[in-house]
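Chemist: Next comes the sequence, and after it the predicted model I'd like to discuss.
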Amino acid sequence: MSERKIRVLVAKPGLDGHDRGAKVIARALRDAGMEVIYTGLRQTPDMIIEAALQEDVDVIGLSILSGAHMALAPVIMEKVHAAGLDDVMVILGGIIPDEDIPILKEAGVSEVFGPGSNTNHIVKVIQDSIRARE
């Protein structure tokens, strides 16, 4: 009996052109047995939501290194709710000041991971959260 694979959308919203971290996370999630859809650079919030709907994902992973996380994440979370994706876990990685994390979580982001986060820890957080929902 095999479990259904966790489906994760990894997206780079905004004008940030640095995608090495997103690619490292995508590889770690794939290596852990998850299905990963990487949307590439410069995605708009609407593009991310449309991809999440089309791909029927369990998790949306946002990678923001540009400092625009306080502008982009709340808009994306509003669109997540408007699209009826309330059961989709949203995680955020990037250069995020500690004082912004509670505000992002209040907006609906499940977890925030900074530079140097252990990929095994990220995998475990996702797996535990999805198992708890099922």
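Modeler: Right, received. Where do you want to start? Numbers count the residues shown, from 1 in each chain.
Chemist: now the helices for this protein?
Modeler: Taking DSSP state H to define them, one finds helices in the chain at 20-31, 45-55, 69-82, 101-106, 119-133.
Chemist: Minimum distance to Gly14: which of these has it?
Modeler: Set against Gly14 and scored by C-beta to C-beta, the helices of the chain come closest in helix 69-82, at 5.4 Å. Every residue, glycine included, has its C-beta placed from N, CA and C.
Chemist: Does anything pack onto the closest one? Which helices or strands?
Modeler: Helix 69-82 is packed against helix 45-55, strand 59-64, strand 89-94, helix 101-106, with contacts defined by 3 or more C-beta pairs under 8 Å, 6 or more residues apart in numbering; DSSP states H and E.
Chemist: Would you mind pulling the contact partners of stretch 82-94?
Modeler: 21-22, 25, 49, 52-53, 57-66, 69, 73, 76-77, 80, 104, 108-115, 117, 122, 125-126, 129-130, 133 (C-beta atoms under 8 Å, 6 or more residues apart in numbering).
Chemist: now the residue positioned nearest the centre of the chain, nearest residue through space, not along the chain?
Modeler: Closest residue to the average C-alpha location of the chain: Gly61 at 1.2 Å, with C-alpha atoms, centre = their mean. Closest residue in space to Gly61, ignoring its immediate chain neighbours: Val10 at 4.6 Å, by C-beta to C-beta, 6 or more residues apart in numbering.
Chemist: Run a quick neighbour tally on that neighbour.
Modeler: For Val10, the neighbour count with other C-beta atoms under 10 Å is 24.
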